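Visitor: have a look at this fold, sequence not included:
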């Protein structure tokens, strides 16, 4: 069951994202997680973008993806991001990859997670930092409060 309360990034699979037999390379699923997160910041938390230009850094600590079905070029996808956990200095996101069928149906094709740490300081001496308040506020509507199955 897929519950509401997600940030959605839509994507059309291109040939460059597939291998010789036409299946999508696994690394693209991870790229789409990052792209979804970027679009969330652009659309829902633009204040954080200015902070990223200063000294805030969002380090991806861990990513994973579990695959249920294959997709190919020109499949229409909805990558749906939810907040799984909000800590003082770290966040965990959950991602559902859903194929959108032309007739209006949906198929869950993969599910992934991403753990991110907030850091501040110059690249040579970064230290853990609190999750910025504007980011935490923007993520509130996307908190996963129902078990996904």
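Guide: That came in fine, so what should we check first? Fair warning: this is a prediction, and the values are worked out from it, not measured in the lab.

Visitor: okay, CA-based contacts and neighbour counts for the rest of this
Guide: Fine.

Visitor: show me the contact partners of the helix or strand harbouring residue 107.
Guide: Assigned by DSSP states H and E, residue 107 belongs to strand 106-120. Contact with strand 106-120 is made by 33, 55-71, 89-101, 126-131, as judged by CA atoms under 8 Å, 6 or more residues apart in numbering.

Visitor: now intersect these with the strands, please.
Guide: 56-67, 90-100, 127-128 (DSSP state E).

Visitor: buried members of these into ChimeraX, please.
Guide: Buried members of the ones in strands among the contacts of strand 106-120 can be picked out in ChimeraX with the line below, counting by 16 or more other CA atoms under 10 Å:
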select :56,57,58,63,65,90,91,92,93,94,95,96,97,98,99,100
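
Visitor: before we move on, the earlier item: can you give the distance of the strand holding residue 107 from its chain's centre?
Guide: Averaging C-alpha positions (CA atoms, centre = their mean, to the nearest Å) puts strand 106-120 5 Å from its chain's average.

Visitor: tell me the mean pLDDT over that strand?
Guide: Averaged over strand 106-120, pLDDT sits at 97.

Visitor: what are the pairing partners of that strand, and which direction each?
Guide: strand 56-67 (antiparallel), strand 90-100 (antiparallel), strand 127-128 (antiparallel) (DSSP bridges).

Visitor: average pLDDT for the longest helix seen in the chain?
Guide: Using DSSP state H to define each element, the chain has its longest helix at helix 26-44. Averaged over helix 26-44, pLDDT sits at 96.

Visitor: and what of stretch 91-100?
Guide: Per-residue pLDDT over stretch 91-100 has a mean of 98.

Visitor: got a list of contacts for it?
Guide: With CA under 8 Å, 6+ apart, stretch 91-100 has contacts from 33, 71, 75-86, 106-117, 131.
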